[in-house]
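Undergrad: I'd like to go over a predicted model; first the sequence, then the structure.
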Amino acid sequence: MTYVVDERCIKCKTTDCVEVCPVDCFYEGENMLVIHPDECIDCGVCRPECPVDAIKPDSEPGMEKWLKLNSEYALKWPNITIKKDMPKDARDHWDETGKFEKYFSPNPGAGD
């Protein structure tokens with residue numbers, strides 16, 4: 001098992017999770033984070049840090065799509081290990097659904 005980030009992170013990106021990760025397995029896109037599944041040690045310390053519950057075990061039903069996306073973009077985006085300020089409009093999107101289709105960006109973030 002590994003953890004993955006799903007669409008709830010899109011336009012949220014609070015980065016509280018990266019601050020507690022003992023193995024630095026988070027990678028930053030323009031408007032979301034992903035977890036590198038081969039680097040994640042399944043400790044779960046990141047999960048309670050996410051205010052929107054965007055971090056899930058890959059074993060949950062429906063997570064196959066997110067495992068694939070996390071795997072792909074962890075190889076393309078820069079590593080992030082420090083907490084950053086969340087986007088100013090993040091709270092406006094916390095309860096929104098269908099964010100992948102509306103907002104997903106394949107562009108990398110800044111990383112550390």
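TA: Yes, it's here.
Undergrad: find the centremost residue of this structure, please.
TA: Centroid-nearest residue in the chain: residue 33, 3.2 Å away (criterion: Cα atoms, centre = their mean).
Undergrad: surely that one and residue 16 touch.
TA: No: the pair residue 33 / residue 16 is not scored as a contact, 10.5 Å apart, by Cβ atoms under 8 Å. All C-beta atoms are positioned from the backbone trio N, CA, C, and that covers glycine.
Undergrad: what about the longest helix in this structure?
TA: In the chain, with assignment by DSSP state H, the single longest helix is helix 64-74.
Undergrad: now for it, which elements pack on it?
TA: strand 3-5, strand 33-35 (3 or more Cβ pairs under 8 Å, 6 or more residues apart in numbering; DSSP states H and E).
Undergrad: okay, buried residues for that helix please.
TA: 66-67, 69-71, 73-74 (16 or more other Cβ atoms under 10 Å).
Undergrad: what's the closest of those to residue 88?
TA: residue 73 (23.5 Å; Cβ to Cβ).
Undergrad: so the closest one makes contact with residue 26?
TA: No: using Cβ under 8 Å, residue 73 makes no contact with residue 26, being 11.0 Å away.
Undergrad: common neighbours of the two, please.
TA: Common contacts of residue 73 and residue 26 (Cβ atoms under 8 Å, 6 or more residues apart in numbering): residue 34.
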